[in-house]
Every structure is written in C-alpha cells, then in structure tokens.
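**Student:** Got a sequence here, can you build the structure:
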Amino acid sequence: MMNRVSRRYFLKTMAAGLTTITAGYLLSNNKVYAQSPITQPNSNTILVVYYSLPETNSTLSEHRENSTVTIANQTLGNTQYMALVIQEALKNADLFRIETVVPYDTTDHAKLIDQAKKELNSHYRPALKQTINNLDQYDTILFGYPIWWADLPTPVYSFLSQHGLAGKKVIPFGTNGGSGFANTRTTIAKLQPNADFRGQDGLTIYRDRIENAKNDIVDWVNKLSLV
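**Tutor:** Residues are numbered from 1 along each chain as shown. As a prediction, the model looks like this:
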C-alpha cells in the first residue's frame with residue numbers, strides 16, 4: 001500500500017485457484033468476518049490477528065489495485081485476504097482485525113502515504129476500536145500486517161502496546177511492496193520480549209503476487225503444523 005509499483009490487475013474469482021465454494025466460504029462465513037473481540041469461551045487456542053488498509057476510490061487506480069484483492073465482487077485488503085486464507089486453512093482458529101477509532105482516508109493515495117510517514121516519524125499511536133479481552137485462552141497468534149515505509153503500521157504499534165503476548169507463540173505474516181519484512185520482526189521481538197516470537201517461521205508476500213498466492217499460503221500454514 002505504501003510503495004509505488006506498476007499497476008496489476010484485480011484478482012478474478014478463479015484466477016487464484018479458488019472454487020466457488022471456497023470463495024463463498026471466505027465471504028459469507030460469520031466467523032471469518034467477525035471483527036469484534038471474541039468474548040465467548042470456546043475451545044480455539046489459535047488466533048489470527050491482522051491489520052489491513054485497502055485503498056478505495058483512489059485518484060490513481062493502480063494504487064487501489066496494488067492494495068486490494070477482489071473475490072466474487074468483494075474487495076479485500078491484501079493482508080486481509082491472506083488472513084482469511086490462513087483461517088480457512090487452520091479450520092479452527094479465531095480472527096481479529098485491528099481497526100482504528102478514526103478511520104484513515106483511503107481515497108487519496110498521496111495523502112495516505114504522507115500521513116503514514118508523519119505518524120511513524122512522530123511515533124503516533126492511533127486509538128483502536130477494540131481490544132482482545134480473552135487473550136489468555138490463545139496459545140498461538142499468527143500476526144499479520146502490511147509494511148509501511150519499511151516499518152510496522154502505527155495501528156500495529158498501538159495493538160502491541162496494549163496487548164501482552166508473554167509466553168505465546170507468535171508467528172508473523174503479511175504483504176510488502178518489495179522490502180520483505182524489512183526490520184519489523186526485530187521490532188516485534190523488542191516490543192514483546194517475553195513472547196515466543198518465531199520470526200524465522202513467518203511469511204511475507206509481495207503484493208503483486210498475492211492474487212496467485214493461495215496455495216503458497218496454505219502450504220506455509222501446513223508446514224507450521226499448528227493443527
């Protein structure tokens with residue numbers, strides 16, 4: 001989202017190898033789209049946490065396409081799509097989306113990247129809509145985010161400052177515009193020194209490849225041997 005690269009075309013429903021049944025599952029299953037904290041006791045011990053900011057109606061359509069994936073006429077952020085594929089592959093995991101109280105203006109790419117840079121330079125920590133109240137029940141957290149200016153998004157910093165992950169297995173994933181994870185894995189390890197952070201096991205995907213990466217994501221999840 002934060003780097004300029006050449007235009008890519010939207011994902012067609014079948015281009016990613018998704019069947020109609022799978023696409024319908026991703027788009028209609030209530031568990032997939034539950035965005036609020038999980039407050040009811042359940043048996044799940046794996047949580048997929050992610051931040052994603054797809055651009056909408058950008059004055060430069062290539063930037064919108066670079067930050068989104070479209071399945072069955074529904075537009076998803078790149079990291080959001082990745083999180084949904086991960087949850088589907090795990091079959092028994094909860095999902096939590098990091099969201100800010102004040103939404104970002106995603107209609108103007110230039111303003112958005114400028115705001116992101118200013119927030120990072122000033123160490124701004126935006127207020128979040130929700131926190132996770134039952135974090136103790138989870139043993140493993142798959143933690144997803146895009147790269148902003150070779151750094152974590154400021155809402156991710158907010159999340160990490162509000163949630164202690166001590167003793168939990170934390171595995172990063174996300175999307176990038178050419179920088180890979182940059183130094184974000186080192187940053188997370190410093191912010192959560194008591195977590196069992198497994199940065200070496202993480203997966204980041206170049207955003208121009210995300211529409212064809214479903215099999216790669218599923219293979220990665222399977223190799224983690226979490227279920």
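**Student:** what's the next secondary structure element after the lowest-mean-pLDDT helix or strand in the chain?
**Tutor:** The helix or strand of the chain with the poorest confidence is helix 30-33; it has a mean of 34 (mean pLDDT, DSSP states H and E). Using DSSP states H and E, the helix or strand that follows helix 30-33 towards the C-terminus is strand 46-50.
**Student:** Just the C-alpha atoms of that following strand, please, in CSV.
**Tutor:** Taking C-alpha atoms only, strand 46-50 is exported to CSV below (Å, rounded to 0.1, in the frame of the first residue of the first chain):
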residue,chain,number,x,y,z
ILE,A,46,-5.1,-20.2,17.8
LEU,A,47,-5.9,-16.6,16.9
VAL,A,48,-5.2,-14.8,13.6
VAL,A,49,-4.7,-11.1,14.3
TYR,A,50,-4.2,-8.7,11.3
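**Student:** Can you check what angle separates the helix or strand where Pro155 lies from strand 46-50?
**Tutor:** Under DSSP H and E, the secondary-structure element containing Pro155 is helix 154-162. Angle of helix 154-162 versus strand 46-50, following axes from the mean of the first three to the mean of the last three Cα atoms, to 10 degrees, is 140 degrees.
**Student:** At which residues are the helices of this structure located?
**Tutor:** Here the chain has its helices, by DSSP state H, at 20-28, 30-33, 61-66, 78-90, 109-121, 154-162, 184-191, 214-224.
**Student:** chain center to the fifth one: distance?
**Tutor:** Its chain's average C-alpha position is 19 Å from that of helix 109-121, according to Cα atoms, centre = their mean, to the nearest Å.
**Student:** and what of the last one?
**Tutor:** Going by Cα atoms, centre = their mean, the spacing between the C-alpha centre of helix 214-224 and its chain's C-alpha centre is 16 Å.
**Student:** What residues of it count as buried?
**Tutor:** Lys214, Ile217, Val218, Trp220, Val221, Leu224 (16 or more other Cβ atoms under 10 Å). From N, CA and C alone the C-beta is placed, and that goes for glycine too.
**Student:** same thing with the fourth one?
**Tutor:** Using 16+ other Cβ under 10 Å as the burial criterion, the residues of helix 78-90 that qualify are 78-90.
**Student:** Kindly report the same for the fifth one.
**Tutor:** When neighbours are counted by 16+ other Cβ under 10 Å, the buried residues of helix 109-121 are found to be His109, Leu112, Ile113, Ala116, Glu119, Leu120.
**Student:** what's the nearest residue to Val218 if we skip its chain neighbours?
**Tutor:** Excluding the flanking residues, the one nearest Val218 by Cβ to Cβ, 6 or more residues apart in numbering is Ala89, at 4.7 Å.
**Student:** what sits against that neighbour?
**Tutor:** Ile217, Val218, Val221, Asn222 (Cβ atoms under 8 Å, 6 or more residues apart in numbering).
**Student:** same thing with Asn78?
**Tutor:** Counted by Cβ under 8 Å, 6+ apart, Asn78 has contacts Met1, Ser52, Pro54, Ser67, Thr68, Val69, Pro146, Thr175, Ile205, Arg207, Ile210.
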